[in-house]
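Student: what's the 3D shape of this:
(chains A, B, C and D)
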There are 2 protein chains.
Amino acid sequence: MKKKTTIYDIAKELNITAATVSRALNDNPRISADTKKLVMATAKRLNYKQNRVAQALKSGKSKNVGVVLPYINRNFFSTVIRGIEEELNPKGYNVIITQTHEKANKEIDIVQNLLNAQVDGILISVSRQTNSNDHLTQVLKKNVPLIFFDRKKDIKGGSSVTLDDFQGAYKATQHLIAQGCTKIAHMTIDLALLIYQNRLAGYKQALSEHGIDFNPDYVIGLQSEIVAGIDAAKKLMSLPEPPDAIFSATDLGALGAIQYLKEIGKTIPDDFCVVGFSNEPFTQFMELPISSVDQSPLLMGKTAAKVFLEQIDSDDVKIEKNVVLSPTLEIRKSSLKRDNQ
Amino acid sequence: MKKKTTIYDIAKELNITAATVSRALNDNPRISADTKKLVMATAKRLNYKQNRVAQALKSGKSKNVGVVLPYINRNFFSTVIRGIEEELNPKGYNVIITQTHEKANKEIDIVQNLLNAQVDGILISVSRQTNSNDHLTQVLKKNVPLIFFDRKKDIKGGSSVTLDDFQGAYKATQHLIAQGCTKIAHMTIDLALLIYQNRLAGYKQALSEHGIDFNPDYVIGLQSEIVAGIDAAKKLMSLPEPPDAIFSATDLGALGAIQYLKEIGKTIPDDFCVVGFSNEPFTQFMELPISSVDQSPLLMGKTAAKVFLEQIDSDDVKIEKNVVLSPTLEIRKSSLKRDNQ
DNA sequence: TTGTAGGCGTTATCAT
DNA sequence: ATGATAACGCCTACAA
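Tutor: Model (predicted):
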């Protein structure tokens, strides 16, 4: 195997100096057109390729960004990555992907590692477990832009792109009310987490704005599984006054509920309406497509990438930017009564 | 912002030389334990972090690998990536993700770019459009390991990890036969592509081994959409002798077929059995879960990563390795008759 | 056991 | 318009 050709090889070939070659390759204005042409030609002939590692060492910019998230193979996250990649690749950045598996110590290691790798920025959706912020402040201390997406920590200097969960829940609930539903239940996951608190709050707000009393019995917790949805629906329907609609904070919960409701002979959406959250692909594939709040992951990824690019461009100035995306409600059969169509 | 601390800072601090520091940090056996301890301590104190870019330039190894695929946000691909990442991260490698969008020229650019970035290897699932191999042979010419996954090109020196589509189709068809089905149709996508040819072949083989005549009318092409599945099912069911089972080369096709069959009053699986291909998440979420051939993307990713590691370890020796994974048939309600349970 | 010196490939700052 | 030189941070013969 032949050694890689460097600018020195080109220089030798043309009896000029490496510096000139470098300038020619970088289209420096004070290099004669002739020399440039010559350099380009021999570069091509010798199959010369720039060594980005050397450039990185010299410039201090690796042109790599790190993306840290719990698991890559979830529709939401993989779509965010897609957005990031599509925005950053044209700008010459490569995207390094890492998974925390929701483990705090893994996250700490990863961030350290990315810093060692001299990434020009870190985009992160923190793990559930993460409680300390030291590894994150470290990033900013090194003057590396830190952008949170979806799940954020409040850190001075860190930017973020998140979803307006409150608004999403509000829209969903309002939609159910517009369908004529008055006894609307809410399935949630873990009220210790901010996003679920916000969804609950949005739900409550919509109710109150429409003069509907909040009924604590109508709020029910579940795991993010179908069976949990089935169980929860069962409980709800056995209440003295069962609900006539469900806004679920998760799509699988909505799915489970629908399965149970069908089982007990309810007709959806005529007797009962259901709306989920996340707009997972399967919601539209169902025989009875499920309405759901879309989290616009692609836009979130692109936006996070753009925020990063702004940070990079504005050099030393530390601009902290917090973008909140408005969710879209995808209305499908599970909540659209015929007479409203 | 303070400058990054380097081994020189540590050296100065201890009145020793950078070389010694380097050796101490790398646990070189001929450095006194005392010095090591001292170096480690000051390294920690000064918050020293290795600069992997400098290491990369020096060693010629970036500890980055590039992954090239059509789109990252497809369940299959994102799960492959997860496998790759989980296998490579513990070995100190970072994974750079890129998308070709199924465009050949994008793929060419990306590969070039990854080469410039000095990746230590490239794992690729080629785009549909790719017809030339020049960019791929380039990789091997630079002595960079090239591993194909799922979609491969036959290139001397390139390794691959693929799925045995033939066997998957064979298993699915055989299963349908075991359920008592005799008039089995096959929905396919694009017979210009090898994987679909192989699935058709496996289907045929199973038929012939069980003495069932192949009926060309039973093979029907479709786009990878639900509506296409519905249309195709419609056509099949209007044949003089309609089939009693469908093996679809895609899950969405199976889904569409099921929707149509239910519509015309067929009971699944009693009257009619359906098996899909890919084991997309939604197949198990359906009210009527759909049997499907699993492509074991996680294993594929891990295997591809392992093949890469082997290549790297065995230095100059060029081992070309072609792994073919055996698919698993996930049997669910859509094809499991009660009397066979 | 530790120091010296050179180089990995590139670019930026001086000169010329 | 081009050349010479140093530097980015690290590692490693070779010396001592």
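Student: For residue A:176, which residues are in contact?
Tutor: Residues near residue A:176 by CB atoms under 8 Å, 6 or more residues apart in numbering or on different chains: A:184, A:245, A:247, A:273, A:275, A:335. Where you see a C-beta, it was placed from the backbone N, CA and C, and this is true even at glycine.
Student: Count the residues that sit near the closest residue to the first one other than its chain neighbours.
Tutor: This points to residue A:184. The shortest distance from residue A:184 to any residue other than its chain neighbours is 4.5 Å, reached at residue A:245 (CB to CB, 6 or more residues apart in numbering or on different chains). Counted with other CB atoms under 10 Å in any protein chain shown, the neighbours of residue A:245 add up to 26.
Student: Quickly list what residue A:245 is bridged to.
Tutor: Using DSSP bridges, the bridge partners assigned to residue A:245 are residue A:184, residue A:273.
Student: Could you pull out the helices in chain A for me?
Tutor: Per DSSP state H, chain A carries helices over the ranges A:7-14, A:18-25, A:33-45, A:52-59, A:75-88, A:104-116, A:134-141, A:165-178, A:194-209, A:226-237, A:251-263, A:282-285, A:297-313.
Student: Quick one: closest of the ones you listed to residue B:238.
Tutor: Closest approach to residue B:238 among these (CB to CB): helix A:282-285, 24.7 Å.
Student: Residues touching the closest one, excluding its own?
Tutor: Here helix A:282-285 makes contact (CB under 8 Å, 6+ apart) with A:251, A:254-255, A:276, A:289-292, A:330, A:332, B:226, B:252, B:255, B:281-282, B:285-286.
Student: now stretch A:29-45
Tutor: A:10, A:13-14, A:16, A:20-21, A:23-25, A:27, A:48.
Student: Whichever of those end up buried, select them in PyMOL.
Tutor: Command for PyMOL that selects the buried part of the contacts of stretch A:29-45, burial taken from 16 or more other CB atoms under 10 Å in any protein chain shown:
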select buried, chain A and resi 10+13+14+20+21+23+24+25+48
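Student: Take the contacts of stretch A:29-45 and lay them out in JSON lines including distance to chain B and pLDDT.
Tutor: Formatted as JSON lines, those follow (distance: CB to the nearest CB, whole Å; pLDDT from 0 to 100):
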{"residue": "A:10", "distance to chain B": "16", "pLDDT": "92"}
{"residue": "A:13", "distance to chain B": "20", "pLDDT": "87"}
{"residue": "A:14", "distance to chain B": "22", "pLDDT": "90"}
{"residue": "A:16", "distance to chain B": "23", "pLDDT": "92"}
{"residue": "A:20", "distance to chain B": "21", "pLDDT": "93"}
{"residue": "A:21", "distance to chain B": "16", "pLDDT": "93"}
{"residue": "A:23", "distance to chain B": "19", "pLDDT": "93"}
{"residue": "A:24", "distance to chain B": "18", "pLDDT": "92"}
{"residue": "A:25", "distance to chain B": "12", "pLDDT": "92"}
{"residue": "A:27", "distance to chain B": "17", "pLDDT": "89"}
{"residue": "A:48", "distance to chain B": "10", "pLDDT": "93"}
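Student: filter the contacts of stretch A:29-45 down to the ones near DNA strand D?
Tutor: A:16, A:20, A:23 (CB under 7 Å from any atom of the strand).
Student: Would you confirm that the second one contacts residue A:11?
Tutor: Just to be clear, that refers to residue A:20. Yes: Residue A:20 is within contact range of residue A:11, at 7.0 Å (criterion: CB atoms under 8 Å).
Student: Tell me who's in contact with residue A:335.
Tutor: So residue A:335 contacts A:175-176, A:179, A:245, A:269, A:273-275, A:291 (CB under 8 Å, 6+ apart).
Student: any chance of these in JSON lines, plus pLDDT?
Tutor: Below are the contacts of residue A:335 laid out as JSON lines (pLDDT from 0 to 100):
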{"residue": "A:175", "pLDDT": "98"}
{"residue": "A:176", "pLDDT": "98"}
{"residue": "A:179", "pLDDT": "96"}
{"residue": "A:245", "pLDDT": "97"}
{"residue": "A:269", "pLDDT": "94"}
{"residue": "A:273", "pLDDT": "97"}
{"residue": "A:274", "pLDDT": "98"}
{"residue": "A:275", "pLDDT": "98"}
{"residue": "A:291", "pLDDT": "98"}
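Student: Out of those residues, which comes closest to chain B?
Tutor: Closest to chain B out of these is residue A:274 (13.7 Å), distances taken as CB to the nearest CB.
Student: Give me the neighbour count for the closest one.
Tutor: Residues near residue A:274, counting by other CB under 10 Å: 31.
Student: same deal with residue A:252?
Tutor: Each residue near residue A:252 was counted by other CB under 10 Å, and the total is 24.
Student: Just to check, it is in contact with residue A:227?
Tutor: No: using CB under 8 Å, residue A:252 makes no contact with residue A:227, being 9.2 Å away.
Student: I'd like the ones next to DNA strand D among the contacts of stretch A:29-45 laid out as TSV, including distance to residue A:137.
Tutor: Formatted as TSV, those follow (distance: CB to CB, whole Å):
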residue	distance to residue A:137
A:16	48
A:20	45
A:23	40
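Student: Which of those lies at the shortest distance from residue B:198?
Tutor: Using CB to CB, those come closest to residue B:198 at residue A:23, 53.5 Å.
Student: Tell me which residues touch the closest one, please.
Tutor: Contacts for residue A:23 (CB under 8 Å, 6+ apart) come out as A:30-31.
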